[in-house]
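**Q** from the sequence below, what's the structure:
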Amino acid sequence: MKIQTYFLCLICIAIAVAVLVILGFRSANPLVPAIVILAGIAAVYFCRRRVTDVVTDDLSEMINGKAAVKTLEVVIIALVIIFLGTTTYFSYGGHGSGTHVGDDGSTVVSFMQFYPPGNVIYIDNYSLEDPPGLTGNDLLGLERLFVEGHKVRDFPYVAGAALGFAAVVLAAVFAAFSLYYSRKYGCNEDEEQD
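**A** Next up is the predicted model:
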């Protein structure tokens, strides 16, 4: 197979994988996207094995290696910054709630989230027309009030923690491959590496 045909195959595989992953998400089956991605990787592997032209040389290998290392460094730094920012956002904010009883006997329950120095980032309230006669809808409304209020700070924290975990995994995988290849190619720790 010629290199142009190989690149055409890559484009077709990428489009097919994208379409099938979207269909997999719509089917709400988590196995479909996983199987599709693995099948796409296998298809690229088999296409590459059939290429008869020169695909890479030493210069392109060196350029790709340096680009990969720099990309990894930038991504890990960005993930750590996002993790620290979301953790700070979660840790130093606050919340409060209160009630106000009206002249007609109704009660308004309020909930707010704020970020120092007192910047309100969420505020909502729920009105209870007859507090002694709470209905199921009133209980659901109060639950929604507090759940939605806590989501304001919880979602960035969880997303940041996931990104922080991804940074640790990327760094660990990079370190493992660095150790593997340095042992494979006989690079000593004393030798200076570029």
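**Q** please count neighbours and contacts with C-alpha atoms only from this point.
**A** OK.
**Q** okay, residue 52: pLDDT?
**A** pLDDT, residue 52: 81.
**Q** so where does it fall, helix or strand?
**A** In this assignment (DSSP states H and E), residue 52 forms part of neither any helix nor any strand.
**Q** three-state assignment of the residue nearest the centre of the chain?
**A** Geometric centre of the chain, nearest residue: residue 163, 5.6 Å, by CA atoms, centre = their mean. Each residue gets one of three states, and residue 163 gets helix by DSSP: H, G, I helix; E, B strand; the rest coil.
**Q** my read: it touches residue 82, true?
**A** Yes - assessed by CA atoms under 8 Å, residue 163 is found in contact with residue 82 at 7.5 Å.
**Q** give me the helices and strands touching the helix or strand containing residue 73, please.
**A** With the criterion set as DSSP H and E, the secondary-structure element containing residue 73 is helix 58-91. Counting by 3 or more CA pairs under 8 Å, 6 or more residues apart in numbering; DSSP states H and E, the packing neighbours recorded for helix 58-91 are helix 136-184.
**Q** quick one: work out the angle between the helix it packs on and helix 58-91.
**A** 150 degrees (axes from the mean of the first three to the mean of the last three CA atoms, to 10 degrees).
**Q** now do the buried residues in the lowest-mean-pLDDT helix or strand in the chain.
**A** Comparing every helix and strand of the chain by mean pLDDT, DSSP states H and E singles out strand 94-101 as the least confident one, with a mean of 81. Of the residues in strand 94-101, those scored as buried under the neighbour-count criterion (16 or more other CA atoms under 10 Å) are 94-95.
**Q** just checking: what are the partner strands of that strand?
**A** Sheet partners assigned to strand 94-101 using DSSP bridges are listed as strand 107-115 (antiparallel).
**Q** state the mean pLDDT of the partner strand.
**A** If you average the per-residue pLDDT over strand 107-115, you get 85.
**Q** keeping just the C-alphas, turn stretch 22-37 into CSV.
**A** Coordinates of the C-alpha atoms in stretch 22-37 are reproduced here as CSV (Å, rounded to 0.1, in the frame of the first residue of the first chain):
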residue,chain,number,x,y,z
ILE,A,22,-21.5,9.0,18.7
LEU,A,23,-24.0,6.2,17.9
GLY,A,24,-22.7,4.3,20.9
PHE,A,25,-23.2,7.2,23.2
ARG,A,26,-26.8,7.6,21.9
SER,A,27,-27.5,3.9,22.6
ALA,A,28,-26.3,4.5,26.2
ASN,A,29,-24.2,1.4,26.0
PRO,A,30,-20.6,2.1,27.3
LEU,A,31,-19.2,-1.0,25.7
VAL,A,32,-20.0,0.2,22.1
PRO,A,33,-17.6,3.2,22.2
ALA,A,34,-14.9,1.1,23.9
ILE,A,35,-15.1,-1.7,21.3
VAL,A,36,-15.3,0.8,18.4
ILE,A,37,-12.1,2.6,19.6
